[in-house]
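heads up, no residue letters with this:
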Ligand code: 13P
Ligand code: SF4
């Protein structure tokens, strides 16, 4: 099998790693040698978060990718995030430890179907959640993240008709918060749709003092139970500012690493999902490992590429989002 076939089949190039190597030291050495930066999302394994130069939510990661002076960006996150980094910094090499680190939400909105959907609403502007493919961003007017979705919608005139995609749960929440009537694409994230209302109710009964906090990608009945709703950064900040000692957390469990680091002594309980393995891990985010991160930095492969015509069209809606966010101090 040649390298292209191996990448296609497995998403990364497997190679024996000397077990005596200290991967933290090696990654640090390679980073300096190659002028590389590691950007990691909060849903990554704790080891990856601990070696990263920057850890953040989708907005923070885009802002970092747009301003970095590194020659190489190693994106410890999922494919759409690495694509966004490439669109914002096309001259840089963007590496993703595992090319198969995709996203169920991005997959729930194939661009050719969305294009037809959009044609039905010619007088609407399109706001897309950043969790989508580069092709979808190229069909959009403005991109948003969970941190700025409400402000992005509110930045448009009240009578402006809007299509919001691909996440129907985030879209419904934004529609409710802004009082706008948004046309929603019917997409969702498999991790945030799996929380069990019934098990959360029982858990709340067992922990009456705990605050229940949730990401807006969760379904409406789960959000209705929440004391606080916000992006991963929003949730993290809430745990720091709140006087509560216990939190039930309805999002991917990787964020709990930063919550524990920022709040020694406070207790964080992952919200129970409706599945038998009782796990809130995103199977895409968790494809990245420290070993794959080391190999991708060492061999500079797999690299994420985006066609130049897509970069040209997708860049403007992302830049609009960054401009509006900067104006609002987000
Ligand atoms: P944020 O970190 O921007 O809140 O996004 C959550 C998410 O689902 C990323 O895949
Ligand atoms: Fe996609 Fe959901 Fe995983 Fe985020 S948590 S990368 S939205 S599948």
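On my side now, so go ahead. Note that the structure is predicted; figures quoted are calculated from it, not measured. Ligands and ions are numbered 1, 2, ... in the order given.

neighbours around residue 155, how many?
With neighbours defined by other CB atoms under 10 Å, the count for residue 155 comes to 19. For every residue, glycine as well, the C-beta is placed using N, CA and C.

mind checking how far the residue nearest to it when sequence neighbours are not counted is from residue 280?
Take residue 155 and drop its neighbours on the chain: the residue closest to it by CB to CB, 6 or more residues apart in numbering is residue 324, 5.1 Å away. Note on residue 324: its distance to residue 280, by CB to CB, to the nearest Å, is 31 Å.

Check residue 28 too.
30 Å.

The two: which has the busier surroundings?
Legend: neighbour count by other CB under 10 Å for residue 28 and residue 280, higher for residue 280 (23 against 13).

Just confirm that one contacts residue 251, I think it does.
Yes: counting by CB atoms under 8 Å, residue 251 is a contact partner of residue 280 at 7.4 Å.

Give me the common contacts of the two.
Common neighbours of residue 280 and residue 251, using CB atoms under 8 Å, 6 or more residues apart in numbering, are residue 191.

picking that back up, quick one: neighbours of the residue nearest to residue 155, just the number.
By other CB under 10 Å, neighbour count at residue 324 equals 18.

any idea which element it lies in?
Following DSSP states H and E, one finds residue 324 within helix 308-327.

re the thing from before, hmm, the residue nearest to residue 155 is touching residue 152, no?
Yes: counting by CB under 8 Å, residue 152 is a contact partner of residue 324 at 5.8 Å.

Okay, now the unreliable bits of the stretch 201-330 of the chain?
278 (pLDDT under 70).

Residue of it nearest ligand 2, please.
residue 282 (3.3 Å; CB to the nearest ligand atom).

Okay, residue 115 and ligand 1: tell me how far apart.
Residue 115 sits 23 Å away from ligand 1, going by CB to the nearest ligand atom, to the nearest Å.

Now do the helices in the stretch 1-150 of the chain.
Here the stretch 1-150 of the chain has its helices, by DSSP state H, counting those that start in this stretch, at 3-10, 23-34, 46-51, 58-67, 79-88, 104-107, 111-119, 134-138, 149-154.
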